[in-house]
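>>> 3D model of this:
(one chain, ligands or ions: 2)
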Amino acid sequence: MSMKTTYVSDKQSESYSEDLRRELNIFEATSGIVKCFILATCAASGFSVALLSSVSLHAQHTQAQIDSVLANTRWEGMKDIVPKHYIAAHTTGTILIDGRLDEQSWRDAPWSQPFVDIEGDRKPLPRFQTRMKIIWDDQYLYIAAEMEEPHLWATLTEKNSVIYQDHDFEVFIDPNADNHNYYEFEVNAFNTIWELRMIRPYRDGGPNINPDNTDGVLSVVYLDGSINDPSDIDSGWTVELAFPWSGFDSYGTDGAAPTPGDQWRINFSRVQRRLQIVNGEYVSPRRTPPCNWVWSAQGAIAMHMPERWGFLQFAIRGDRSEVFVPDPTLVARDLLMEIHYLQKAYNKLTRTYAGVLDELGLTSVRGDYLIDLWSDGSTFTAMIENSNDAAPPAVFYINERGHLWRGGL
Ligand SMILES: [Ca+2]
Ligand SMILES: [Ca+2]
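Ligands and ions are numbered 1, 2, ... in the order given. Just a heads-up that it's a prediction; the model follows:
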């Protein structure tokens with residue numbers, strides 16, 4: 001029997017390695033357990049041996065090698081990206097979660113800018129448009145997405161399946177912006193959902209709690225076309241979601257609706273598979289990396305970098321009378337993230353963390369900020385303090401696990 005194969009798309013320019021990234025992430029999360037075991041075993045045999053090993057490893061690398069690694073961290077591709085923002089209006093209208101965005105409250109809400117490639121300006125724009133809207137009331141955070149899609153397709157019907165194996169829409173939320181303990185939601189065109197909680201990003205050891213379903217989440221999709229039918233061309237699909245505020249009480253909130261002016265970190269991702277039509281059916285070739293289209297560019301093929309997510313500002317009205325207030329702590333946060341990426345690169349090469357800023361090519365004064373650093377080789381804490389008397393005093397910290405928090409003076 002001859003097989004007829006047609007490539008639905010042939011554009012070769014988008015991001016390819018999301019699958020690989022995710023698989024590596026899962027591997028890293030798993031291998032972390034093994035690493036812990038090895039470290040525990042090492043600890044039993046004497047800390048001095050580990051310390052000697054660390055020192056000798058460091059000695060194997062020249063300053064030029066270290067400088068080269070420090071000059072090429074992932075942060076280099078991320079630091080110039082300005083996270084996007086969206087001002088969400090409070091609504092008193094009734095929202096029926098049916099996948100249709102025909103309520104007046106939705107009509108009044110502005111569409112976001114079209115999604116872009118996850119890597120940002122380095123890559124071409126996505127070939128199909130994706131947009132989102134956000135509104136809120138006293139009970140729910142509402143999120144809507146609209147996706148152009150000529151080939152509606154889904155396979156997964158079991159809740160909490162690995163949804164990104166299909167075309168999907170994804171939501172990431174970190175209410176308290178500390179990089180840890182954040183929420184991830186995925187949905188496909190069958191309205192099969194997957195919810196999980198990240199204790200820490202995979203890069204910082206994870207783990208995730210999977211699944212971790214939230215009581216009362218509502219999700220409905222509307223399909224403008226025929227799903228899993230390659231004989232015609234579809235228009236797209238919309239997603240309408242409602243997340244109860246009570247579900248965020250374990251993510252650093254008090255479980256109540258936010259106050260106008262509050263800001264949360266949030267981002268959205270659309271995973272788009274490369275389909276083939278084989279004997280009249282859609283087939284997603286295994287090992288073919290998907291495209292990753294996002295609202296706010298990440299600067300790398302990785303969603304699990306909460307420091308680059310966009311800002312959601314809660315407002316009473318969603319019109320232009322509301323002004324976005326840039327996060328006054330973002331500069332300090334970004335400086336700490338720079339130290340984090342430098343330390344991770346330094347550690348990858350030397351198996352230890354730098355104990356003085358000079359080893360990372362940094363000085364203790366950067367603009368209006370003072371930086372300090374402590375390390376015992378296997379852990380570190382960096383502190384940044386605003387030295388500008390005209391600005392409100394603020395101190396922030398980050399540690400080797402990427403936890404970023406505000407401290408007292
Ligand atoms: Ca609706
Ligand atoms: Ca958090």
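
>>> tell me if residue 343 really is in a strand.
No: checked against DSSP: H, G, I helix; E, B strand; the rest coil, residue 343 lies outside a strand; its state is helix.

>>> ok, it touching residue 380?
Yes: the criterion here is CB atoms under 8 Å, and residue 343 meets it with residue 380 at 5.8 Å. The C-beta positions use only the backbone N, C-alpha and C, and glycine is treated the same way.

>>> compare those two (neighbour count), which wins?
In terms of neighbours (other CB atoms under 10 Å), residue 343 is the more surrounded of residue 343 and residue 380; the figures are 25 against 22.

>>> how far away is the nearest residue to that one once chain neighbours are set aside from residue 361?
Leaving aside its sequence neighbours, residue 343 sits nearest to residue 353 (CB to CB, 6 or more residues apart in numbering; 5.2 Å). Relative to residue 361, residue 353 is positioned 14 Å away (criterion: CB to CB, to the nearest Å).

>>> the two: which is more packed in?
residue 353 (25 against 13).

>>> show me where this protein has its helices.
Under the criterion DSSP state H, the chain contains helices at 18-44, 47-59, 63-70, 104-108, 330-350.

>>> weakest of those in terms of mean pLDDT?
Mean pLDDT per stretch puts helix 18-44 lowest among the helices of the chain, at a mean of 37.

>>> quick one: low-confidence parts of the chain?
Low-confidence regions of the chain, defined here as pLDDT under 70, cover residues 1-59, 318, 390, 409.

>>> what about 90?
Counting by pLDDT under 90, the chain contains low-confidence residues at 1-63, 285-288, 317-322, 328, 386-394, 407-409.

>>> distance from the chain centre to stretch 86-94, please.
Stretch 86-94 has its average C-alpha position 24 Å from the chain's average C-alpha position, going by CA atoms, centre = their mean, to the nearest Å.

>>> grab the nearest non-local neighbour of residue 131.
residue 111 (4.4 Å).

>>> mind giving me the domain ranges of the chain?
83-315, 330-407 (automatic domain parsing).

>>> distance to ligand 1 for those - can I get that in CSV?
Output for the domains of the chain, formatted as CSV (distance: least, CB to the ion, whole Å):
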stretch, distance to ligand 1
domain 83-315, 5
domain 330-407, 34
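
>>> looking at those domains, which is buried most?
Highest mean neighbour count among those (mean count of other CB atoms under 10 Å): domain 83-315, with a mean of 19.

>>> distance between the ends of that domain?
Start-to-end span of domain 83-315 (CA to CA, to the nearest Å) is 19 Å.

>>> does ligand 2 have contacts with that domain?
Yes: in terms of CB under 5 Å from the ion, part of domain 83-315 sits within range of ligand 2, namely 174, 176, 178, 181, 182, 252.

>>> next one: stretch 356-372 to chain centre, how far?
When distances are taken as CA atoms, centre = their mean, stretch 356-372 is centred 27 Å away from the chain's centroid.

>>> need the distance between the two termini of that stretch.
Here the two ends of stretch 356-372 are set 8 Å apart, with distance taken as CA to CA.

>>> residue 226 against residue 234, yeah?
Yes: counting by CB under 8 Å, a contact exists between residue 226 and residue 234, whose distance comes to 6.4 Å.

>>> list residues touching both of those two?
Counting by CB atoms under 8 Å, 6 or more residues apart in numbering, the residues touching both residue 226 and residue 234 are residue 152.

>>> now do the shared contacts for residue 343 and residue 380.
Overlap of the contact sets of residue 343 and residue 380 (by CB under 8 Å, 6+ apart) consists of 353, 354, 400.
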